[in-house]
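Peer 1: sequence-free structure coming up:
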């Protein structure tokens, strides 16, 4: 298989009916590393909405148990991608999501905004840093995928098209991004978690590099000083260079799922959805985003 053969396969599918197949091809075969980074950034953006960031801070789950919450969120979301909405694993994962959300007073608007980040941020990331841009088929499929997830989660007034998701996200951020001390603590804990995946001496450089990938409204919402133009150019250029390098490699032959990511560290002996998702009482733990894990342990293998 040549580098663009899978895109040709995607373009032969119907994004209005084959959206799950297309989304799997894009997220697990074409862009697994990029989707991981983009979905990390998508969830991170939501902390800048004070009603979300402050709740996350009150629960202390992302400040005191950051690695577990990162693992559970990634694994739960990915269980639906891997197994589908109608599978036992997919239904169990969604049930865990809904059980957690019912424990908190989370507005429909906040829930819909979080959903919008899952659709919009990956496209923007890939358009900027991927080895190719997402096709119209892929953005349409992603909108169908997350509209379906939103329906299963009981979210009302979910956008229909990619453009509607994008407009909803931009409008909500313009109206709701703002400074909050609790949200800043959650952001700091998240940056510290990401730095912890690498040798300790790299932590300052990794934080600065991460900030260089954030846009100005997000930096202002957390009260971070914007990196200099030279730093931004260097970091963003390095990520773009990675994308160009991947373009020269042979395409992946097997899907790569979140459970195979080296950043997932909490379940060395494997896991099952049914055995996880013990929810803390409100005010003492939890989070307004998915938490329980799924499926079986995997190994890392990515470009």
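Peer 2: That came in fine, so what should we check first? Nothing here was measured: the structure is a model prediction, and the numbers come from that model.
Peer 1: hang on, residue 79 packs against residue 91?
Peer 2: No: with contact defined as Cβ atoms under 8 Å, residue 79 and residue 91 do not form a contacting pair (9.8 Å). (C-beta placed from N, C-alpha, C; glycine too.)
Peer 1: neighbours around residue 171, how many?
Peer 2: Residue 171: 12 surrounding residues under other Cβ atoms under 10 Å.
Peer 1: Roughly how far does it sit from residue 15?
Peer 2: According to Cβ to Cβ, to the nearest Å, residue 171 stands 25 Å off from residue 15.
Peer 1: Go through the top helix by length along the chain and flag the buried ones.
Peer 2: Longest helix in the chain by number of residues (criterion: DSSP state H): helix 108-129. Of all the residues in helix 108-129, those buried under the rule 16 or more other Cβ atoms under 10 Å are 109-126, 129.
Peer 1: who does it touch, helix- and strand-wise?
Peer 2: Here helix 108-129 touches helix 32-46, helix 50-59, helix 136-152, helix 162-176, helix 229-247, going by 3 or more Cβ pairs under 8 Å, 6 or more residues apart in numbering; DSSP states H and E.
Peer 1: what is the mean pLDDT for the first one?
Peer 2: Okay, so that is helix 32-46. Helix 32-46 comes out with an average pLDDT of 97.
Peer 1: Tell me who's in contact with residue 80.
Peer 2: Counting by Cβ atoms under 8 Å, 6 or more residues apart in numbering, residue 80 touches 89-90, 93-94, 149.
Peer 1: Quick check: it vs residue 120, distance?
Peer 2: The gap separating residue 80 from residue 120 is 19 Å, by Cβ to Cβ.
Peer 1: Please apply the same query to residue 38.
Peer 2: In terms of Cβ to Cβ, residue 38 sits 10 Å off from residue 120.
Peer 1: And for residue 266?
Peer 2: For residue 266, the distance to residue 120 equals 28 Å [Cβ to Cβ].
Peer 1: and if you look at residue 227?
Peer 2: Distance, residue 227 to residue 120, using Cβ to Cβ: 23 Å.
Peer 1: likewise residue 175?
Peer 2: With the distance defined as Cβ to Cβ, residue 175 ends up 16 Å from residue 120.
Peer 1: Ok, residue 113 next?
Peer 2: From residue 113 to residue 120 the distance is 10 Å (Cβ to Cβ).
Peer 1: Next: residue 229.
Peer 2: In this view, residue 229 and residue 120 are 25 Å apart by Cβ to Cβ.
Peer 1: pLDDT value on residue 293, please?
Peer 2: On pLDDT, residue 293 comes in at 37.
Peer 1: Nearest the geometric middle of the protein, what residue?
Peer 2: The geometric centre of the chain, computed from its C-alpha atoms, lies nearest to residue 39 (Cα atoms, centre = their mean), at 1.8 Å.
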